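> Would you be able to build a 3D model of this:
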Amino acid sequence: MDTAQHRPLRLGTRGSPLAMVQTRTVLARLRAAQPGLAAEAEVITTTGDAVQDRRLAEIGGKGLFAKEIHEALLDRRIDAAVHSLKDLETALPPGIVLAAVLPREDARDALILPPGAPPPDPAEPLAALPQGAAVGTSSVRRQAQLLHARPDLRVGLLRGNVQTRLAKLRDGQMAATLLALAGLRRLGLADAASIVLPPDVMLPAAGQGIVGITARQDDAALCRLLAALGDAEAMLAATAERALLHELDGSCRTPIGAHAHRLPDGRLHVEGLVARADGSFLLRRVLVGAPEHAAALGADLGRALRADSPPDVLA
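As a prediction, this is how the structure comes out:
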C-alpha cells in the first residue's frame, strides 16, 4: 500500500453521525481482513456540509460532498475515502477509482410523520399526508415523485443530518419528511420511519443504501485490499444504476431515480425514472437482462428515458 510505515492508514470521511458510522464499519472490516492493521478516520469538512441553506443544485451539485475529500486523496493526505454512494458523482476525478462497495442496506425511502400521527395505510401510504401538507426534503427526486402523486402538497427545503431533520419534524416545522431507510437503520433510528415506501411509490436514488470506498488508482496494493472487502451483488446494482445516471448526465437539478436488483431467475431488473421537479412530468422505464451486462443495461435504459422525455427535462 502507498502509505508510510510510521503512520496508520487514513480513511477520509465527512463528519456527520451517519458518515462516521459508515466509516467505522469500513475500519472494522479492514482490521478483520488484515489483523494488526493500523487505520483511522480523518474527518474532512466538505462544501456540501458547510452550506445548509440552499439546495445542492444551487451550489454545484452532489460532487460537493466529495470535492475536498478527493482533493485530500490526490494530495496524499488520506489513503482512501468512504462515501454514501448516492452522494458520489459518476465521473470521478482522474486518478481516483471506486475501489469497493459494501453490501447494500435496504435501498427504500421512509416516510416520517410527527410523533403521535396515525399510522399510514400500506395500500396508500401517501394518503397519510393531510391536504396541502408541508413536506420537508432537500431531494428533487423525492419532491418530484411526491408532487406527481399529490400535487396539493407543499414541498420545502430541509437539509442537515438525519438527527437535525428529525428534530425539525418534532418541532412542528413540517408535516412530514422522507429519509433513506438505510441511514435510519445504520443509526439505530429505524423506528422513526412511519412507513417504508416501496419503489413503485418512491423510486430510490442511484446507489442509495450502498457505502462506496474510493482510492488512488496507482495504489494497487490498497485497491486489492479494499476490493476484497467488496460485495459483488452491491457492485452489480451500483454499476447499472450509476451507468443510467451517467447516461442522463444526472445532477442534483434533475429528478432521477434508479434501482437495480436480481430477479429469482438470476437476471438483473433495472428501473429508472426521470421527472420535472414540480411533478408535472414523470417517466418510468424498466429493462431486464443478463447481470454481466449491468453497465450496458443501465446505459441503454438511460438513453431510452432521454429519448422519451421532453427536451427541457434533461436540459
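> which residues in the stretch 51-200 of the chain form strands?
80-84, 96-101, 109-112, 134-137, 154-157, 176-180, 195-197 (DSSP state E, counting those that start in this stretch).
> Nearest to residue 272 among those strands would be which one?
Closest to residue 272 of the strands of the stretch 51-200 of the chain, according to CB to CB: strand 109-112, at 16.0 Å. Where you see a C-beta, it was placed from the backbone N, CA and C, and this is true even at glycine.
> hang on, the earlier thing: for the strands of the stretch 51-200 of the chain, which one sits closest to residue 287?
Minimum separation from residue 287 across those (CB to CB) falls at strand 96-101, 21.2 Å.
> contacts for that closest one?
By CB atoms under 8 Å, 6 or more residues apart in numbering, the residues outside strand 96-101 that reach it are 70, 73-74, 80, 85, 88, 92, 210-217, 222-223, 226-231, 234-235, 238.
> before we move on, what about stretch 152-166?
Counting by CB under 8 Å, 6+ apart, 16-18, 52-55, 112, 129, 131-138, 143, 146-147, 168, 173-174, 177, 179, 183-184, 187, 189, 192 sit against stretch 152-166.
> picking up where we left off before, any chance of the strands of the stretch 51-200 of the chain in CSV, with mean pLDDT too?
Shown next, in CSV, are the strands of the stretch 51-200 of the chain (pLDDT from 0 to 100):
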stretch, mean pLDDT
strand 80-84, 97
strand 96-101, 97
strand 109-112, 96
strand 134-137, 93
strand 154-157, 91
strand 176-180, 94
strand 195-197, 97
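> In TSV, list those strands along with distance to residue 43.
Formatted as TSV, those follow (distance: least, CB to CB, whole Å):
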stretch	distance to residue 43
strand 80-84	11
strand 96-101	19
strand 109-112	27
strand 134-137	26
strand 154-157	25
strand 176-180	21
strand 195-197	31
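> and residue 27, which of these is closest to it?
So among the strands of the stretch 51-200 of the chain, strand 80-84 is nearest, using CB to CB, at 8.8 Å.
> Tell me where the stretch 1-150 of the chain is predicted with low confidence.
Counting by pLDDT under 70, the stretch 1-150 of the chain contains low-confidence residues at 1-6, 48-63.
> which residues of it fall in helices?
Taking DSSP state H, counting those that start in this stretch, the helices of the stretch 1-150 of the chain run over residues 17-33, 47-50, 56-59, 67-74, 140-149.
> so which of those helices is the most packed in?
helix 140-149 (a mean of 23; mean count of other CB atoms under 10 Å).
> for it, the distance to its chain's centre please.
Offset of helix 140-149 from its chain centre (CA atoms, centre = their mean, to the nearest Å): 16 Å.
> Give me the packing partners of that helix, helices and strands only.
strand 134-137, strand 154-157, strand 256-262, strand 268-275, strand 282-289 (3 or more CB pairs under 8 Å, 6 or more residues apart in numbering; DSSP states H and E).
> picking up where we left off before, okay, the helices of the stretch 1-150 of the chain in JSON lines with distance to residue 266 next?
Shown next, in JSON lines, are the helices of the stretch 1-150 of the chain (distance: least, CB to CB, whole Å):
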{"stretch": "helix 17-33", "distance to residue 266": "27"}
{"stretch": "helix 47-50", "distance to residue 266": "38"}
{"stretch": "helix 56-59", "distance to residue 266": "37"}
{"stretch": "helix 67-74", "distance to residue 266": "35"}
{"stretch": "helix 140-149", "distance to residue 266": "29"}
